[in-house]
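*Asks:* Fold the following.
(one chain, ligands or ions: 1)
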Amino acid sequence: MAEPRLTCAASTPPPVRPVLSEQPSRFMLLEREVERQYRPQMLETLQRKVNAAAEQTNAIAPVCPQCGQPMSYHDTRSVCWLACWGKVQALAARYRCRSCQQERRPLLDWLGVEPGRICGSLARLLALLAAVAPYELAARLAELLLGVRISAMGIWRAAQRLGEAAASYSDGLSRYHADSRGSGAPTEAAPSVVVLGVDGCSLGMQVRATRRRRRPNEALPPLPVIEEGHFREVKTGVLLLPSERVETSPGRRSVVRRFLVTCLGDADAIFASLYAQLRELGWVGAHTVVVIVGDGAEWIWNRASMFVRRCEILDFWHAVEHAWKFAQLRYGEGSAQADRWVHALAEDLRAGKVEQVVARLKRLRPATPELRESLQALIRYYSENAGRMRYDEYLRLGYGIGSGAVESAHKQMVHARFRQAGMRWSEAGARRLLALRLLLLNDNWALLDRLRMVSLA
Ligand SMILES: [Zn+2]
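*Replies:* The predicted structure is shown next:
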């Protein structure tokens, strides 16, 4: 059968097959040659330095971390681990405390490596790839960028071990700052105003098969059909200084710095993280006003009360959106009249005339029960939130009136990595990867250099 022809215009010459050059550029060949030549040499040099460290540390008996007594020499074994340029080997002495059953290998402690694992810079780089790309793709990137052949599972393991370290560290910070007995944080340079916002979405979680026990002579009932996995809420919080907002073009503002926090969990957890981050930054002093931008969800205002000096702002666009619902019902969907009505109302809201808007709404006499109900809901919403709708004032003070910065941060934090087609997460896996991604987006990746990889069973 003939191949289908897609184009066959007789008047034009047939397209010529694009040409590839015979080989990579000479320069690239030179680069690769040097790399091939020096990689083994770098590994050799590294190995020599490890051997020297072994000679120094193996002979020194460590003290037992439990009882403080010197530990006694047990044996010396050959161990190896994987680094950027290949496998590193070492003879590591093992010491034991007879009474506590504790065991130590001073060389490995000193180096901060775990036998049989990917260690050091390579582990950090693989975790970095996992923070930006799905594990399969990260494995391909590892080969292209680092010249390291590794399975998706290998990437996953490195990300889990470092992610656990990062997640424990940030959980520890939250607990530390939540406890009033902590020594606190520097507040001398605390800004007068900090803006805080929270956004969330749900994450598809893996459905865990539960094990069923069968009693003798009892048939198991059929398993229920699982239509959808369950979901967990993931939240992102943003902190920024309004004084650092710059106008990039007329009417368009962007922030120079912003700090994110994130968690797989409830409202209390995200506010504990926000508070810890504020304290870490030294951003909350006795006179700091905390501006909280919310979409109207009650849980945000409930938690916001933890800040004594605060200013609550209802996101302007959410406020306008509520008016749309009524306008479309009253004037018809997509009608020019609805459009005009909402725009006029939005302008009044922006000018801080929420009371006048509410008074005007109350004078309306809707014709149907459905309209009446919609109008009542709108009036109730604006009346309840009137104190959070002084938009003229917020604009004058430079606080901003929208939660756009929060929403975009949340998308970058979560959607870009966690919500791709078919992705399902385990609780631990999501928590660990969120912690890694947070370090990256907060420009704080170097912190990982100072965390020990967690050994996972
Ligand atoms: Zn001991």
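*Asks:* Can you tell me how far the residue of the stretch 251-400 of the chain found nearest the ion is from residue 172?
*Replies:* At 34.8 Å from the ion, residue 276 is the closest residue in the stretch 251-400 of the chain, using C-beta to the ion. C-beta: built from backbone N, CA, C; applies to glycine. To residue 172, residue 276 is 9 Å away according to C-beta to C-beta, to the nearest Å.
*Asks:* more neighbours, these two?
*Replies:* Legend: neighbour count by other C-beta atoms under 10 Å for residue 276 and residue 172, higher for residue 276 (22 against 11).
*Asks:* Contacts only, for that one.
*Replies:* By C-beta atoms under 8 Å, 6 or more residues apart in numbering, the contact set of residue 276 is 170, 173-174, 176-178, 261.
*Asks:* For the residues you listed, pick the one with the most neighbours.
*Replies:* Most surrounded of those: other C-beta under 10 Å gives residue 261, at 29 neighbours.
*Asks:* where does the closest residue to that one other than its chain neighbours land on pLDDT?
*Replies:* In space, and not counting its chain neighbours, residue 261 is closest to residue 273: 3.9 Å by C-beta to C-beta, 6 or more residues apart in numbering. For residue 273, the pLDDT comes out at 92.
*Asks:* Residue 254 belongs to a strand?
*Replies:* Yes: assessed by DSSP: H, G, I helix; E, B strand; the rest coil, residue 254 belongs to a strand.
*Asks:* Look at it and report its pLDDT.
*Replies:* For residue 254, the model assigns a pLDDT of 71.
*Asks:* circling back to that earlier point, if we check the ion, which of the contacts of residue 276 are in contact?
*Replies:* Checking those against the ion by C-beta under 5 Å from the ion, not one of them is in range.
*Asks:* Now intersect those residues with the helices, please.
*Replies:* Among the contacts of residue 276, the ones falling in helices (DSSP state H) are 170, 173-174, 176-178.
*Asks:* Kindly reformat these as a markdown table containing distance to residue 412.
*Replies:* Formatted as a markdown table, the ones in helices among the contacts of residue 276 follow (distance: C-beta to C-beta, whole Å):
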| residue | distance to residue 412 |
| --- | --- |
| 170 | 18 |
| 173 | 22 |
| 174 | 22 |
| 176 | 27 |
| 177 | 25 |
| 178 | 27 |
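*Asks:* just curious, which of those is nearest to the ion?
*Replies:* Closest to the ion, out of all of these and judged by C-beta to the ion, is residue 176, at 28.6 Å.
*Asks:* gap between the residue of the stretch 351-457 of the chain at minimum distance from the ion and residue 114?
*Replies:* Residue nearest to the ion within the stretch 351-457 of the chain (C-beta to the ion): residue 455, separated by 20.6 Å. To residue 114, residue 455 is 6 Å away according to C-beta to C-beta.
*Asks:* Pick out whichever of those two has more residues nearby.
*Replies:* residue 114 (17 against 10).
*Asks:* isn't there a strand covering that one?
*Replies:* No: per three-state DSSP, residue 114 lies outside any strand segment and is coil.
*Asks:* next helix or strand past the host helix or strand of residue 378?
*Replies:* Element membership for residue 378, per DSSP states H and E: helix 369-385. Using DSSP H and E, the helix or strand that directly follows helix 369-385 along the chain is helix 391-397.
*Asks:* Report the mean per-residue pLDDT for that next one.
*Replies:* On average, helix 391-397 scores 94.
*Asks:* Check the offset of the following helix or strand past that helix from the chain's centre.
*Replies:* As assigned by DSSP H and E, the chain's next helix or strand after helix 391-397 is helix 404-410. Here helix 404-410 is found 12 Å from its chain centre; the criterion is C-alpha atoms, centre = their mean, to the nearest Å.
*Asks:* Quick one: residues in contact with helix 404-410.
*Replies:* By C-beta under 8 Å, 6+ apart, helix 404-410 touches 197-201, 235-238, 240, 255, 258, 260, 293, 317, 441.
*Asks:* from the residues you listed, which has minimum pLDDT?
*Replies:* Among these, residue 255 has the lowest pLDDT, at 69.
*Asks:* Under the pLDDT cut-off, which ranges of the protein? List them.
*Replies:* Within the chain, the ranges that satisfy pLDDT under 70 run 1-10, 182-184, 208-229, 247-248, 251-253, 255, 457.
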